[in-house]
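> below is the sequence, then the predicted model.
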Amino acid sequence: MNNVKDLFGETLFTILNGIIVLVVGFFIVKLLRFGLKRILNRLPINTTIATFLNSILTAVLYLIYILIVLNSFNIATDGIVALVGSVGVAIGLALKDSLSNIANGIMLVTMKPFNVGDFVEVNGTTGTVVAIHMISTVLQTTDNKYITIPNNEVLSNNIINYNAMTTRRLDLVVSCSYDSDIKLVKKTLLDLVEKDSRIFSDPAPVCELDVMNSSSLDFTLRVWLKSSDYHAVRWSLNEQIINKFNELNIEIPYNQLDVRVRK
């Protein structure tokens, strides 16, 4: 009879102890979650990373909480821990590529090779960065197509950020025939550049005869300007150059073949 009373008392104590741990632990987890969220928000990290870390750490907190509650009810947790570990390994293998993308996403928002709004070239794709997600990066091309690139492909390839610097150098190759006056060609190109207010005078524009091809003289024209003006200036100069060359009768060569017949 005493043994039954002792067993009943021990069981009652275990149940009461478990209920106390269950209730108190629940409020402790809530406090820890609140404190964790405040700490992550104060850290100098991206909001996406903060949200992701908060989700992971919250899941860990609840897992520890559940194991402690089960222990307080004298329920063996060794099997549960082993099961969770096995499931974790299986999930990790199944989501290997996704986890790799998430890790690379964290590196992207931490290293910041580009920001939303930058015009970039990634793995041969050129466009404006629309969004940087944990799994992928979204680009909007100039013809208004949205392209989603996995983050592991973004970091495993060369990244060209055209907005990283406020200024940029424009190189134009201008060809003319061997019959052209070299001084006149150089003066004409530099005069066109000087009239464009978008082109910087410092560093000074450069125009030199660069290559003597089989059927043309190739001049290299180099100017500095704002990165935002790059394409507009390039298109404008191309149009002005061909119009000016036609006005001055400076021949613009094209591929041709001279055939001589000997008797």
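Perfect, thanks for sending it.

> which SS class is Asn101?
What DSSP: H, G, I helix; E, B strand; the rest coil gives for Asn101 is helix.

> ugh, typo on my part, it should be Ala204
coil.

> again with Arg222
Assignment for Arg222 (three-state DSSP): strand.

> how about Asn255?
For Asn255, the assignment made with three-state DSSP gives coil.

> could you double-check that it sits in contact with Ser215?
Yes: contact status for Asn255 versus Ser215: in contact at 6.9 Å, counting by C-beta atoms under 8 Å. All C-beta spots, glycine's among them, are computed from the backbone N, C-alpha and C.

> okay, those two: which has more neighbours?
Using other C-beta atoms under 10 Å, the more surrounded residue of Asn255 and Ser215 is Ser215, with 13 against 7.

> my read: the more buried one touches Pro253, true?
Yes: applying C-beta under 8 Å as the test, Ser215 and Pro253 come out as touching, 5.4 Å apart.

> need the contact list for Leu248.
By C-beta atoms under 8 Å, 6 or more residues apart in numbering, the contact set of Leu248 is Leu184, Thr188.

> mind giving me the domain ranges of the protein?
Here the domain assignment for the chain is 2-94, 113-161, 167-247, based on automatic domain parsing.

> for Val261, which of the ones you listed is the nearest?
Among the domains of the chain, domain 167-247 comes nearest to Val261, with 20.4 Å by C-beta to C-beta.

> what distance separates the opening and closing residues of that closest one?
End-to-end distance of domain 167-247 (C-alpha to C-alpha, to the nearest Å): 32 Å.

> ok, back up a step: any common contacting residues for Ser215 and Pro253?
Ser177.

> is it possible to get a markdown table of the domains of the chain that adds distance to Asn101?
A markdown table is the format used below for those (distance: least, C-beta to C-beta, whole Å):
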| stretch | distance to Asn101 |
| --- | --- |
| domain 2-94 | 12 |
| domain 113-161 | 5 |
| domain 167-247 | 30 |
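
> those domains: which one's closest to Ser100?
Closest approach to Ser100 among the domains of the chain is made by domain 113-161 (4.8 Å; C-beta to C-beta).

> for the most centrally placed residue in the chain, phi and psi?
Centroid-nearest residue in the chain, with C-alpha atoms, centre = their mean: Phe114, separated by 5.2 Å. Phi and psi for Phe114, reported as degrees, to the nearest 10, are phi -160, psi 160.

> how confident is the prediction for it, by pLDDT?
pLDDT, Phe114: 88.
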